[in-house]
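Colleague: Below is the structure, and that's it, no one-letter string:
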DNA sequence: TTATCTAAACGGGCCGTTTCGTTTAGTCAA
DNA sequence: TTGACTAAACGAAACGGCCCGTTTAGATAA
């Protein structure tokens, strides 16, 4: 699942950290003795259905059928559809880079490029879109999404913090807000199905963030 | 429904234009003679359910019950759940300002402020979130959302075009891309339930867009 | 008369839960 | 080491309930 489009010397670390234990850590609700069992088959079936048929056909019954598992088994391990969705997503989001090239524009371009590619070329895109959809009608999913985004922001904001330490970014810039603007752009592209951006176009967008839009140097204090 | 928080002399026009006929214009599928009939009651019931119970409880059966209408009547006039949703949304999105104060930061701040307030204080927020959720599993909703966003971008980009004509914004800035960044920020806030921003915080975000993040004036050509 | 309406009912699917035997992994005596 | 015991976890099937999109029947109104 490693993404080869960002060369290795550029990639500082691979995301996946930061929020790894916000999920309802698969474990039977009773004080049990036994082991997970068919949990992997269930996750795999869920991911396959999402990738092949999309969220519309994602149901616990369909997952159970495909995994040759009983519905009660699924409900024992995951309290809700949203929990299963988030579990599947968390295990797929490896592979997005958090680069450290020494230049902010390059870092952000590589980050967005990698994110778009990841969402486009792996089941992660459909899965994440499903999580967002579910979060619009299910409180537990909304809360999970919120806390996931929180972690994502904190983690990715480090790119901007490093740039600020290098003196590349002004001191008054809040890295968390800044990265939220960048992720917001990725978000709107994902949800409206427009992920097919050339690297040059991604860089142009990043420059709009970093350099601003003003014709003359900014005069604001 | 007019929003009084932006004073009148600042508001150039009230949005609602631009995409008003992308929707599947309520009309019976047969070549009919009669009039709409209970269409208004149906739309009202749909809006009420979304506002009171959220998308989770929004079903054609529930709308029909509440409007004391028959399900076939609804299906005759709106081909899908998504069509009814979009119809309701289109009739509620009046009231967001598209300001022209002569200053880009003020314009965008007022725009975002008004959008957040509108999404927070009217049923529009839940309704739009529902449209987005529906678009993740229903092709027709996805297409309608895409074309709606297209129109929204084109319309709001005029704020930036005006600033560019005033010489406030550099010539190389693409107004459509720029406004997409701004709307992306609003989007991520809506979908993660964080619309409660002070005007000052909104302005700070806008300044990050307009002025950029760099410590020193940008050196890019 | 004729098109539209409400209301009721259709078969089908999924929800989350309960019931029912069966499988399976740890425990412990022989 | 082996074999029997025990109890958690299992798959399958069925529950009542809600909703889907469609069909039918009978009332209503231009």
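Modeller: Okay, I see it. Please read these numbers as outputs of a predicted model, since none were measured by experiment. Numbering: from 1, shown residues only, chains lettered A, B, ... in the order given.
Colleague: which SSE is the residue positioned nearest the centre of chain A in?
Modeller: In chain A, the C-alpha nearest the mean C-alpha coordinate belongs to residue A:93, at 5.9 Å (CA atoms, centre = their mean). Assigned by DSSP states H and E, residue A:93 falls within no helix or strand.
Colleague: same question, residue A:116
Modeller: Assessed by DSSP H and E, residue A:116 sits inside helix A:104-121.
Colleague: from the middle of its chain, how far away would that helix be?
Modeller: Mean-position distance between helix A:104-121 and its chain equals 12 Å (CA atoms, centre = their mean, to the nearest Å).
Colleague: Quick one: mean pLDDT for it?
Modeller: Per-residue pLDDT values across helix A:104-121 average out to 96.
Colleague: can you tell if whichever helix or strand comes after it touches chain B?
Modeller: Using DSSP H and E, the helix or strand that follows helix A:104-121 towards the C-terminus is helix A:124-135. Yes - judged by CB under 8 Å from any CB of the partner chain, helix A:124-135 comes into contact with chain B at A:129, A:130, A:132, A:133, A:134, A:135. Yep, even glycine has a C-beta here, placed from its N, CA and C like the rest.
Colleague: got a list of what the third one touches?
Modeller: Spelled out, that is residue A:132. Shown in contact with residue A:132 (CB atoms under 8 Å, 6 or more residues apart in numbering or on different chains): A:145, A:191, B:132, B:133, B:136, B:191.
Colleague: Output these in TSV, with distance to DNA strand D and pLDDT appended to each entry.
Modeller: Listed next are the contacts of residue A:132 as TSV, based on distance: CB to the nearest atom of the strand, whole Å; pLDDT from 0 to 100:
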residue	distance to DNA strand D	pLDDT
A:145	24	89
A:191	22	95
B:132	18	94
B:133	13	94
B:136	15	93
B:191	22	95
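Colleague: Could you dump those residues into CSV and include distance to DNA strand C?
Modeller: Shown next, in CSV, are these (distance: CB to the nearest atom of the strand, whole Å):
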residue, distance to DNA strand C
A:145, 17
A:191, 22
B:132, 20
B:133, 15
B:136, 15
B:191, 21
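Colleague: Out of those residues, grab the one that's most surrounded.
Modeller: Neighbour counts for the contacts of residue A:132, by other CB atoms under 10 Å in any protein chain shown, peak at residue B:133, which reaches 26 neighbours.
Colleague: Checking residue A:147 next. Helix, strand or coil?
Modeller: The assignment at residue A:147 comes out as helix when based on DSSP: H, G, I helix; E, B strand; the rest coil.
Colleague: quick one: it and residue B:175, what's the gap?
Modeller: Distance check for residue A:147 against residue B:175: by CB to CB, to the nearest Å, it reads 35 Å.
Colleague: quick one: which of these two has more around it?
Modeller: Per other CB under 10 Å, whichever of residue A:147 and residue B:175 has more neighbours is residue B:175, with 20 against 13.
Colleague: Skip the chain neighbours and tell me the closest residue to the residue in chain A that DNA strand C sits nearest to.
Modeller: Evaluated by CB to the nearest atom of the strand, chain A has residue A:59 as its residue closest to DNA strand C, separated by 3.1 Å. Leaving out its chain neighbours, the residue that sits closest to residue A:59 by CB to CB, 6 or more residues apart in numbering or on different chains is residue A:81, at 7.9 Å.
Colleague: okay but that neighbour is in contact with residue A:133, surely?
Modeller: No - counting by CB atoms under 8 Å, residue A:81 does not reach residue A:133; the two are 11.1 Å apart.
Colleague: I'd say residue A:207 and residue A:105 touch.
Modeller: Yes - with contacts counted by CB under 8 Å, residue A:207 reaches residue A:105, the gap being 6.2 Å.
Colleague: what residues are shared contacts of these two?
Modeller: Here residue A:207 and residue A:105 have no joint contacts, going by CB under 8 Å, 6+ apart.
Colleague: how much space between residue A:187 and residue A:100?
Modeller: Noted for residue A:187: a distance of 23 Å to residue A:100, by CB to CB.
Colleague: about what we covered before: helices or strands up against the helix holding residue A:116?
Modeller: strand A:97-98, helix A:124-135, helix A:139-165, helix A:175-191, helix A:199-211 (3 or more CB pairs under 8 Å, 6 or more residues apart in numbering or on different chains; DSSP states H and E).
Colleague: Quick check: can you list the domain ranges of chain A?
Modeller: Chain A resolves into domains spanning A:13-18+A:94-211, A:39-90 when parsed by automatic domain parsing.
Colleague: Tabulate those in TSV, adding columns for distance to residue B:73.
Modeller: Formatted as TSV, the domains of chain A follow (distance: least, CB to CB, whole Å):
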stretch	distance to residue B:73
domain A:13-18+A:94-211	25
domain A:39-90	25
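Colleague: What is the least confident helix or strand in chain A?
Modeller: Lowest by mean pLDDT, DSSP states H and E among the helices and strands of chain A is strand A:13-14, with a mean of 40.
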